[in-house]
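K.L.:
Can you look at this prediction? I've put the sequence above it.
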Amino acid sequence: MEALTPTRIILLGKSGAGKSSLANTIFGENAFNINSTPLSDTSLSKAKTRSVQGRRITLIDTPGFFDTERSEEEMKPEMVRCIAECAPGPHAFLIVLKVEKFTAQEQAVMEKLRQSFSEEALRYSVVVFTHGDQLPEDISIEEFVKQNKNLRDLVQKCGGRCHVVDNRYWKAGDESSYRSNKFQVAELLNTIHRMTEGNKGSYYTNDMLQEVKREMQREEERIRRASGNMSQEEVWDQAKISTFDWLMIKSAGIITGALLEVLLGVAFTLTSTEGGQGLVVAAAQGWVLKGGMRGYNAAEGAKSPTEAVQKTIEEVKKQFLVTAEQNRSKSQ
């Protein structure tokens, strides 16, 4: 990894876990707003870059992506924004939990994380506990983790990587003490460094992030040619804004295409095929993938999410009519 390239780190966890406060603790300054109101910065993914202990660090603070009470539709724009902020991919995920009982709700959060980023993301993950003052004086965070099977399993899947901070009470004191934020942040950064080295400097990626990377590169080149005198940072910021708009349009097409393909596929299978219910289950994943791809392609050239939806509806409808006509011809 190039020396000037920041290490990109995404903070994940439910609302109230202390993600923004943890980011401020890592930076050693109040870089992120911690007021949890609907109009505050915590309702949006936000990226900031600082030098910490000789390392360039970009932290992407996220809203409560994995709050079980929040709908997928509500969180879709923010997931897209997060993808744009961390492109071409994060070097690390910090899974932020409180030092408290690991309940079924926390387990559900972890399941949503795996669904959103895949099991592979755990290779790039560190579990960080906040509210360290709740940790009994005579035990370490590793010993705390061992007391709960689900928590122990999660940390093991993250390579045994876990740390603890206390954003409120551990700000002062002996910097070499275990119950010191400076000590824990130094240990956390060392863990991330070792993990990144173990991953050979690579970052987490998937098909969407690869496509975002290509789009960002195209936008950077376009902006650089058009602007002439913009700094690299200004070019990057403009490219992120353009890529976010592009992602919103593409996401609208993908989601619409997948939904329509499933609905039409279910209706056709149940009405025209014996044993339709079993076939629906077997074919559902294929419909999602096919419809999503149709929506992705149909959204090409759209100027807004609304236009992407309209173009996708037209494309799926056209393809469905073609398929229906082909099936009628075969049955005659």
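P.N.:
Yep, it's here.
K.L.:
which ones are touching A17?
P.N.:
64, 96-98, 130 (C-beta atoms under 8 Å, 6 or more residues apart in numbering). For every residue, glycine as well, the C-beta is placed using N, CA and C.
K.L.:
Would you mind giving the secondary structure of it?
P.N.:
coil (DSSP: H, G, I helix; E, B strand; the rest coil).
K.L.:
Quick check, pLDDT for it.
P.N.:
Here the pLDDT value assigned to A17 is 86.
K.L.:
Equivalent analysis for I255, please.
P.N.:
For I255, the predicted pLDDT is 67.
K.L.:
for the one 4 residues further on, same thing?
P.N.:
At L259, the predicted lDDT confidence score is 70.
K.L.:
And it, how far from V309?
P.N.:
Taking C-beta to C-beta, to the nearest Å as the measure, L259 and V309 are separated by 10 Å.
K.L.:
Likewise for K182?
P.N.:
Taking C-beta to C-beta as the measure, K182 falls 50 Å from V309.
K.L.:
do the same with S242
P.N.:
Between S242 and V309 the distance, using C-beta to C-beta, works out to 20 Å.
K.L.:
With neighbour numbers in mind, choose between these two.
P.N.:
Taking other C-beta atoms under 10 Å, S242 and V309 do not tie; V309 has more neighbours (21 against 18).
K.L.:
wait, is the more buried one part of a strand?
P.N.:
No. Counting by three-state DSSP, V309 is located in no strand; its state is helix.
K.L.:
Q134 touches K101, doesn't it?
P.N.:
No. Using C-beta atoms under 8 Å, Q134 is not in contact with K101; the gap is 10.3 Å.
K.L.:
the more surrounded of these two?
P.N.:
When Q134 and K101 are compared for neighbours, Q134 comes out ahead with 13 against 9, by other C-beta under 10 Å.
K.L.:
so what's that one closest to, chain neighbours aside?
P.N.:
Residue nearest to Q134 in three dimensions, not counting chain neighbours: V99, with 4.3 Å by C-beta to C-beta, 6 or more residues apart in numbering.
K.L.:
for T5, same thing?
P.N.:
R56 (7.3 Å).
K.L.:
got a list of what that neighbour touches?
P.N.:
For R56, the contact set (C-beta under 8 Å, 6+ apart) comprises 4-7, 49-50.
K.L.:
Next, find the distance separating it from E85.
P.N.:
Distance from R56 to E85, counting by C-beta to C-beta: 16 Å.
K.L.:
re earlier: my reading is that the residue nearest to T5 lies in a strand. Confirm?
P.N.:
Yes. According to three-state DSSP, R56 belongs to a strand.
K.L.:
mind showing which ranges of the stretch 101-250 of the chain have poor pLDDT?
P.N.:
For the stretch 101-250 of the chain, the stretches flagged by pLDDT under 70 are 109, 115-116, 172-175, 206-210, 212-213, 236, 240, 243-244, 246-248, 250.
K.L.:
Show me where it has its strands.
P.N.:
For the stretch 101-250 of the chain, the strands defined by DSSP state E, counting those that start in this stretch occupy 125-130, 162-164.
K.L.:
Figure out which of the ones you listed is closest to S231.
P.N.:
Among the strands of the stretch 101-250 of the chain, strand 125-130 comes nearest to S231, with 32.3 Å by C-beta to C-beta.
K.L.:
and which of the contacts of A17 is nearest E219?
P.N.:
G64 (29.1 Å).
K.L.:
Take the contacts of A17 and keep only those in strands.
P.N.:
Among the contacts of A17, the members falling in strands (DSSP state E) are 96-98, 130.
K.L.:
so what's the residue nearest to Q134 up against?
P.N.:
Residues in contact with V99 (C-beta under 8 Å, 6+ apart) are 129-132, 134-135, 141, 144, 164.
K.L.:
make it 10 Å
P.N.:
Residues near V99 by C-beta atoms under 10 Å, 6 or more residues apart in numbering: 129-136, 141, 144, 164-166.
K.L.:
Need those residues in TSV (columns: distance to S227).
P.N.:
Supplementary listing: those in TSV, determined by distance: C-beta to C-beta, whole Å:
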residue	distance to S227
F129	44
T130	41
H131	46
G132	46
D133	50
Q134	51
L135	51
P136	57
I141	48
F144	52
V164	45
V165	41
D166	45
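K.L.:
Please check those residues and keep the buried ones.
P.N.:
129-132, 135, 141, 144, 164-166 (16 or more other C-beta atoms under 10 Å).
K.L.:
can you redo these as JSON lines with distance to Q105?
P.N.:
Shown next, in JSON lines, are these (distance: C-beta to C-beta, whole Å):
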{"residue": "F129", "distance to Q105": "16"}
{"residue": "T130", "distance to Q105": "16"}
{"residue": "H131", "distance to Q105": "16"}
{"residue": "G132", "distance to Q105": "21"}
{"residue": "L135", "distance to Q105": "20"}
{"residue": "I141", "distance to Q105": "20"}
{"residue": "F144", "distance to Q105": "18"}
{"residue": "V164", "distance to Q105": "20"}
{"residue": "V165", "distance to Q105": "22"}
{"residue": "D166", "distance to Q105": "22"}
